[in-house]
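Chemist: Sharing a model prediction with you, sequence too.
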Amino acid sequence: MTENNVMEALKNVTYPGFTKDIVTFGFVKDVVIEGNNVSLTVDITSSADEVKQQIMQDVTVELKKIGFETINVNIKAPQAPKQMSNSISGKNIAPQVKNFVMVSSGKGGVGKSTTSVNLAVAMAMQGKKVGLLDADIYGPNIPRMMGVADQKPEIQGNKVLPLKAYGVEIMSMGSLMEPGQSLIWRGSMIMKAIEQFLRDILWSDLDVLVIDMPPGTGDAQLTLAQSVPVTAGVTVTTPQEVSLDDSRRSLDMFKKLHIPTAGIIENMSGFICPSCETESDIFGMGTATPVAMEYDTELIARIPIEPAVRIGGDTGMPVTYHKPDSETAKRYQEAAGKVLAFIDKVNAQGGVSNQAIQPTTPPGVSACSTQAAPKQESSGGSCGTGCGCH
Ligand SMILES: Nc1ncnc2c1ncn2[C@@H]1O[C@H](COP(=O)(O)OP(=O)(O)OP(=O)(O)O)[C@@H](O)[C@H]1O
Ligand SMILES: [Mg+2]
Ligand SMILES: [Zn+2]
């Protein structure tokens, strides 16, 4: 009897209320087999007793069927939330949207908007109904990156229809302002704008709304977390230590706002030479892995610097759609698949609710840390691999 036999048998145990099984969800751990005895852990995050009992019972039945005699099932589940009375559970001012993904970073210019665009396009290509909200009120870049910068949204009554490109519904402050117009807004106005983006835009019944956040951990992040149940947080960082330090702030923020963390995307991680397609190290590669471990999450993807990515952003032709065979496009597709799987997992465990968030900035979430961003451009020159192509 091997661990494989156990896993195969446990694929017959569906997670209560869902069609997927506990093995596919990745909940089964620490299988130890000694003769006819087996012990294992099922790691769930639902604290509901019915769920625990059901799983315990189903696992025992399936393992008996394949011949085990003593079956020791340890169900690992969190304590029930303590402050139920304090929670504004389930608040969702955009109820037609099933899941919200917050794309965040501690630092500016690391590639949040690029990541949001390509994740949204990849999810749409994978058959999901996807929206992309540009919550960067001061620096809205999404219209250009999605190629809709010259379009104005249609107004219906007192609501606004989102724009659409690459199968993705889009809204941005950039689409509502005149070109060149600048905004000087107070925090309270940012909050109001974000609420209106969620309430007064005619989003269809979306599977996922990807939200491109302004840099830092300020009012926009807090407002969003208070207005809708954010299903997954994605932090974008570059490999340098200074950026990693800032990404910790972003991960801390997810924790404080009760946002399940899907993981980290390490952007500008290595360079793919456009001539010879060799990948070389520039700012470091994989340096976000220890940070991911520190926060009990994973590195979802390493996205290299590829000139096609920047060009795709500047010309409104996302690399994921227009160069689907490129290495970066493949990695964005894989990352999108991982985020979708994470969303399934969160929902299987009972989903998220907006819990106990105070209307003031929570302790440890610092005020907005918008900084001048080091924009890293790969402007030709040697690819550094000694490939002799330049
Ligand atoms: N992997 C990449 N390869 C090449 N260029 C990239 C890559 N990722 C981002 N860029 C480029 O870097 C610049 C900054 O990216 P982006 O605007 O997505 O960052 P941001 O985090 O949203 O910035 P801000 O904080 O200002 O909103 C853009 O010109 C973009 O095209
Ligand atoms: Mg941006
Ligand atoms: Zn080269």
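Modeler: Structure's in. What do you need? Ligands and ions are numbered 1, 2, ... in the order given.
Chemist: From here on, just use CA atoms for contacts and neighbour counts.
Modeler: Noted.
Chemist: so Ala225 makes contact with Lys256?
Modeler: No: Ala225 lies out of contact with Lys256 (CA atoms under 8 Å); the separation is 10.2 Å.
Chemist: now the end-to-end length of stretch 295-306.
Modeler: End-to-end distance for stretch 295-306: 28 Å, by CA to CA, to the nearest Å.
Chemist: near ligand 1, anything from that stretch?
Modeler: Yes: using CA under 6 Å from any ligand atom, stretch 295-306 reaches ligand 1 at 303-306.
Chemist: Tell me the one among those nearest to ligand 3.
Modeler: Lowest distance from ligand 3 to the residues of stretch 295-306 next to ligand 1 (CA to the ion) belongs to Glu306, with 11.9 Å.
Chemist: Pull up the residues of the chain that are close to ligand 1.
Modeler: Applying CA under 6 Å from any ligand atom, we find that the chain lies next to ligand 1 at 108-114, 214-215, 267-268, 303-307, 309-310, 313, 375-376.
Chemist: still on that earlier bit, from the residues of stretch 295-306 next to ligand 1, list just the buried residues.
Modeler: The neighbour count (16 or more other CA atoms under 10 Å) marks 303-306 as buried among those.
Chemist: Which ones among those residues lie within strands?
Modeler: Of those, the ones assigned to strands by DSSP state E are 303-305.
Chemist: Please tabulate those residues in JSON lines, including the columns pLDDT and distance to Ile71.
Modeler: Below are these laid out as JSON lines (pLDDT from 0 to 100; distance: CA to CA, whole Å):
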{"residue": "Ile303", "pLDDT": "96", "distance to Ile71": "44"}
{"residue": "Pro304", "pLDDT": "94", "distance to Ile71": "47"}
{"residue": "Ile305", "pLDDT": "93", "distance to Ile71": "50"}
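Chemist: need these in JSON lines with distance to Pro274, can you?
Modeler: Converted to JSON lines, these look like this (distance: CA to CA, whole Å):
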{"residue": "Ile303", "distance to Pro274": "15"}
{"residue": "Pro304", "distance to Pro274": "12"}
{"residue": "Ile305", "distance to Pro274": "10"}
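Chemist: any chance of the residues you listed in a markdown table, with distance to ligand 3 too?
Modeler: Below are these laid out as a markdown table (distance: CA to the ion, whole Å):
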| residue | distance to ligand 3 |
| --- | --- |
| Ile303 | 18 |
| Pro304 | 14 |
| Ile305 | 13 |
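Chemist: any idea which strand is longest in the chain?
Modeler: The chain, longest strand under DSSP E: strand 261-272.
Chemist: And the residue nearest the centre of the chain?
Modeler: Centroid-nearest residue in the chain, with CA atoms, centre = their mean: Val234, separated by 3.5 Å.
Chemist: three-state assignment of that one?
Modeler: strand (DSSP: H, G, I helix; E, B strand; the rest coil).
Chemist: roughly how far apart are the nearest residue to it once chain neighbours are set aside and Asn118?
Modeler: Closest residue in space to Val234, ignoring its immediate chain neighbours: Val103 at 4.9 Å, by CA to CA, 6 or more residues apart in numbering. Distance, Val103 to Asn118, by CA to CA: 12 Å.
Chemist: Ok, Leu257 next?
Modeler: Counting by CA to CA, the gap from Leu257 to Asn118 is 25 Å.
Chemist: quick one: which of those two has more around it?
Modeler: Neighbours were counted for Leu257 and for Asn118 using other CA atoms under 10 Å; Asn118 has more, 28 against 22.
Chemist: Name the SS class of the more buried one, please.
Modeler: Assigned with three-state DSSP, Asn118 falls in the helix class.
Chemist: Quick check: it touching Thr320?
Modeler: Yes: assessed by CA under 8 Å, Asn118 is found in contact with Thr320 at 5.9 Å.
Chemist: Could you pull out the residues contacting both of the two?
Modeler: 329, 332 (CA atoms under 8 Å, 6 or more residues apart in numbering).
Chemist: So, low pLDDT: which residues of the stretch 151-300 of the chain?
Modeler: By pLDDT under 70, the low-scoring segments of the stretch 151-300 of the chain are 179-185, 187.
Chemist: and with 50 instead?
Modeler: Applying pLDDT under 50 to the stretch 151-300 of the chain flags no residue at all.
Chemist: residue ranges of the strands in the stretch 151-300 of the chain, please?
Modeler: Ranges of strands in the stretch 151-300 of the chain, per DSSP state E, counting those that start in this stretch, are 155-156, 159-160, 163-165, 168-172, 208-212, 232-237, 261-272, 279-280, 299-305.
Chemist: got the contact list for the strand or helix carrying the residue nearest to Val234?
Modeler: Secondary structure from DSSP states H and E places Val103 in strand 99-104. Under the criterion CA under 8 Å, 6+ apart, residues 112, 115-116, 206-216, 228-236, 250, 343 lie in contact with strand 99-104.
Chemist: And the nearest residue to Tyr166 once chain neighbours are set aside, how close does it get to Ala348?
Modeler: Distances taken as CA to CA, 6+ apart place Val121 nearest to Tyr166, at 6.4 Å, with adjacent residues excluded. According to CA to CA, Val121 and Ala348 sit 25 Å apart.
Chemist: neighbour-wise, which of those two wins?
Modeler: Neighbours were counted for Val121 and for Ala348 using other CA under 10 Å; Val121 has more, 27 against 20.
Chemist: Next SSE downstream of the strand or helix carrying the more buried one?
Modeler: Per DSSP H and E: Val121 is located in helix 112-125. Going down the chain from helix 112-125, the next helix or strand is strand 130-134, by DSSP H and E.
Chemist: got the angle between that next one and strand 168-172?
Modeler: Put simply, strand 130-134 runs at 20 degrees to strand 168-172, going by axes from the mean of the first three to the mean of the last three CA atoms, to 10 degrees.
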